[in-house]
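1. Need the 3D shape of this:
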Amino acid sequence: MAKKQKKGKEIKRKLLHKYRLVILNESTFEEKISFKLSRLNVFVTGTLFIIILIGLTTLLVAFTPLREYIPGYSSTRLKRQATELTYKTDSLVAVLEYTNKYLENVRLVLRGDIENNEINRDSLFEQFKLDPSTIDLKPIREDLALREQVELEDKYNLFERNTGNAGEVLFSPINGSVTQGYDLQKKHYATDISATKDTPVKAVADGTVIFAEWTSDTGYVIIVEHKEDLISVYKHNGSLSKSQGDIIKAGEVIAGVGNTGELTTGPHLHFELWKKGKPLNPQDYIDFN
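-> Presented below is the predicted three-dimensional model:
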């Protein structure tokens, strides 16, 4: 026990024993600076210095651009930029897909073609159809009167039937005699109206010109997009009064009747109506006489 106490006192003495650190002038041996130190003071001072150095280094790396040079440590700014670029890329991809679909619909209109891979929904209910021979299908007088009234109201108002807006009316692009009507069997998705050359062709409704160019088959063509996904097409024009991107009003002159294109047979207007990529019979909505 006495030995342990003696050993402890010896260690304490060594730790607290004072030493003098003197800095002298080499030539004159004049004392410049002197310090009184002990082993304990040197250990405590050195430890504090190391802790402070580690803390300053950590702060320097964490809050300055130097951290970007450490392998595996990514920059917050670069992360934010990468995230923003990812969102922008997704948005551009969506816009590109929408634009491609839109252009494909315009190509279908120009070719006068429709998709043939649609499901015939009527065939799904074929087994539930009744035999017409067993039913009296002769309409009664009230039914005939109602049909005539509905046909008269709907003939000149495409938008009312689809959206309930009673104020929208389709105007006749030109007045003339119909030389060829709408025929799904022959893939003639239009109404041909004969007219003298340079007769003004008018827009059937307010809209935006999405195509106004020359084509070899149908000459000068102008396509107008209206609200509710309605598109009107005017082909074989002799001249165009509007350009792509123009905003037009209903009844505004957009072209002149002509006889252009390889498929024309004389001065006339080849007029088409398309709704959500499906052709419509123009004579169901417009009176060309």
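2. distance of Thr47 from Glu10?
-> 23 Å (CB to CB, to the nearest Å). All C-beta spots, glycine's among them, are computed from the backbone N, C-alpha and C.
3. Oh, that last question was meant for Asn100, not what I typed.
-> Using CB to CB, Asn100 is found at 90 Å from Glu10.
4. Helices of this structure, start to end?
-> For the chain, the helices defined by DSSP state H cover 2-16, 39-62, 76-111, 141-155, 158-163.
5. And the contacts of stretch 6-18?
-> 36-40 (CB atoms under 8 Å, 6 or more residues apart in numbering).
6. got a list of what the residue nearest to Trp214 when sequence neighbours are not counted touches?
-> Distances taken as CB to CB, 6 or more residues apart in numbering place Tyr220 nearest to Trp214, at 5.6 Å, with adjacent residues excluded. By CB under 8 Å, 6+ apart, Tyr220 lies in contact with 213-214, 235-240, 255, 258, 260-261.
7. circling back to that earlier point, which among the contacts of stretch 6-18 end up buried?
-> Neighbour counting by 16 or more other CB atoms under 10 Å classes none of the contacts of stretch 6-18 as buried.
8. Pipe those residues into a markdown table and attach distance to Gly251 and pLDDT per row.
-> What follows is these, written out as a markdown table (distance: CB to CB, whole Å; pLDDT from 0 to 100):
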| residue | distance to Gly251 | pLDDT |
| --- | --- | --- |
| Lys36 | 106 | 78 |
| Leu37 | 103 | 78 |
| Ser38 | 105 | 79 |
| Arg39 | 104 | 78 |
| Leu40 | 102 | 80 |
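9. Just put those in JSON lines and tack on distance to Val209.
-> Shown next, in JSON lines, are the contacts of stretch 6-18 (distance: CB to CB, whole Å):
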{"residue": "Lys36", "distance to Val209": "96"}
{"residue": "Leu37", "distance to Val209": "92"}
{"residue": "Ser38", "distance to Val209": "94"}
{"residue": "Arg39", "distance to Val209": "93"}
{"residue": "Leu40", "distance to Val209": "92"}
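10. just those now: which is nearest Thr179?
-> Minimum distance to Thr179 across those is 114.6 Å, recorded for Leu40 (CB to CB).
11. And the closest one, how far from Lys7?
-> Distance, Leu40 to Lys7, using CB to CB: 17 Å.
12. what do you get for Pro173?
-> 115 Å.
13. Excluding chain neighbours, what is closest to Val22?
-> Nearest non-adjacent residue to Val22, counting by CB to CB, 6+ apart: Ser34, 4.5 Å away.
14. from memory the one you found sits against Leu24, does it?
-> No. Using CB atoms under 8 Å as the test, Ser34 is too far from Leu24 to be in contact (9.2 Å).
15. where does the stretch 151-289 of the chain dip in pLDDT?
-> Counting by pLDDT under 70, the stretch 151-289 of the chain has low-confidence residues at 151-169.
16. how about the strands of it, start to end?
-> Listed in chain order, the strands of the stretch 151-289 of the chain (DSSP state E, counting those that start in this stretch) span 177-180, 191-194, 200-202, 207-215, 219-225, 230-240, 247-248, 253-257, 268-275, 278-280.
17. Partner strands of the third one and their direction?
-> Here the strand partners of strand 200-202, with direction, are listed using DSSP bridges: strand 253-257 (antiparallel).
18. For the partner strand, C-alpha coordinates in CSV please.
-> The C-alpha trace of strand 253-257 is given here as CSV (Å, rounded to 0.1, in the frame of the first residue of the first chain):
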residue,chain,number,x,y,z
VAL,A,253,-62.0,34.8,-94.8
ILE,A,254,-59.2,32.3,-94.7
ALA,A,255,-58.7,31.2,-98.3
GLY,A,256,-60.1,31.4,-101.8
VAL,A,257,-61.8,28.6,-103.8
